[in-house]
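**Student:** Give me a model of this one.
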Amino acid sequence: MVRQGFEGLTALITGASSGIGAAFAHRLAARRANLILTARSAGALEQMAQTLAQRYSISVRTIPADLAESGAARVLFDRVRADGSHVDLLINNAGFGKFAHFLAEDLSTYQRMLSLNINAVVDLTYLFIHDMRMRGSGGVINVASTAAFQPVSYMAVYAASKSFVLSFTEALAGEYQKYGVHCLALCPGNTATNFMTVANAITAGMSFARPEDVAEAGLTAYLRKRNSYV
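**Tutor:** Below is the predicted model:
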């Protein structure tokens, strides 16, 4: 059954071309939310946009971007604002990790990971939450991880980055609830996306949640005003 609460709002989703980001896009489209989708994969974004716009009669805009690049968040913000659009719900979903001995990955990989997992999250939240506060409504869902709750050997940088996301989001929740702006840190466990493939993780014997169920849980927790949800 479709729950109400998002109809007519505009949601910006990062990392929207696959996995949890794509699941958020489909779930919100079914609730008649308008969408702004961003990821590196322009072709996948455009195909998704056409499908969702036709199926649900909503507005879907795509803005391809690599948010690990310096200044990319500001460029995205400016492009969203260029036509007078505003964002009611920001979903910072883009991110990646690596499973390896710490020294087995290049330093540049970790720098890119931190740029995407932390800097882009802070930058986009900073840029969009100002208007939400002025309007007295809106919210942010930052996708963290169950890895946020403990150090994870062989994924040291990734787990630390998600600890930042969890702490950052819960702190903002305390600051901004009085302005009508809600912040949620969504902390999924293993999920059936391409994350593990990119991370070069060993997955034998692991169980995985469906991205559709993770997105559904996130939206439900958001409507229930949770500050974090595992």
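**Student:** what ranges of the chain fall below the confidence cut-off?
**Tutor:** Applying pLDDT under 70 to the chain picks out residues 1-4.
**Student:** what about 50?
**Tutor:** By pLDDT under 50, the weakly predicted segments of the chain are 1-3.
**Student:** now the helices for it?
**Tutor:** 19-30, 42-56, 72-82, 107-114, 120-135, 156-176, 195-199, 211-223 (DSSP state H).
**Student:** and those as CSV, adding mean neighbour count and distance to residue 189?
**Tutor:** Placement of C-beta: from N, CA and C, glycine included. Compiled in CSV, the helices of the chain are given as follows (neighbours: other C-beta atoms under 10 Å; distance: least, C-beta to C-beta, whole Å):
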stretch, mean neighbour count, distance to residue 189
helix 19-30, 24, 12
helix 42-56, 16, 25
helix 72-82, 16, 27
helix 107-114, 14, 19
helix 120-135, 19, 20
helix 156-176, 19, 12
helix 195-199, 15, 11
helix 211-223, 19, 9
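**Student:** Rebuild those helices as JSON lines, extending it with distance to residue 143.
**Tutor:** Shown next, in JSON lines, are the helices of the chain (distance: least, C-beta to C-beta, whole Å):
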{"stretch": "helix 19-30", "distance to residue 143": "6"}
{"stretch": "helix 42-56", "distance to residue 143": "18"}
{"stretch": "helix 72-82", "distance to residue 143": "16"}
{"stretch": "helix 107-114", "distance to residue 143": "14"}
{"stretch": "helix 120-135", "distance to residue 143": "9"}
{"stretch": "helix 156-176", "distance to residue 143": "8"}
{"stretch": "helix 195-199", "distance to residue 143": "11"}
{"stretch": "helix 211-223", "distance to residue 143": "8"}
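**Student:** looking at the ones you listed, which is closest to residue 36?
**Tutor:** Relative to residue 36, the nearest member of the helices of the chain by C-beta to C-beta is helix 72-82, separated by 6.1 Å.
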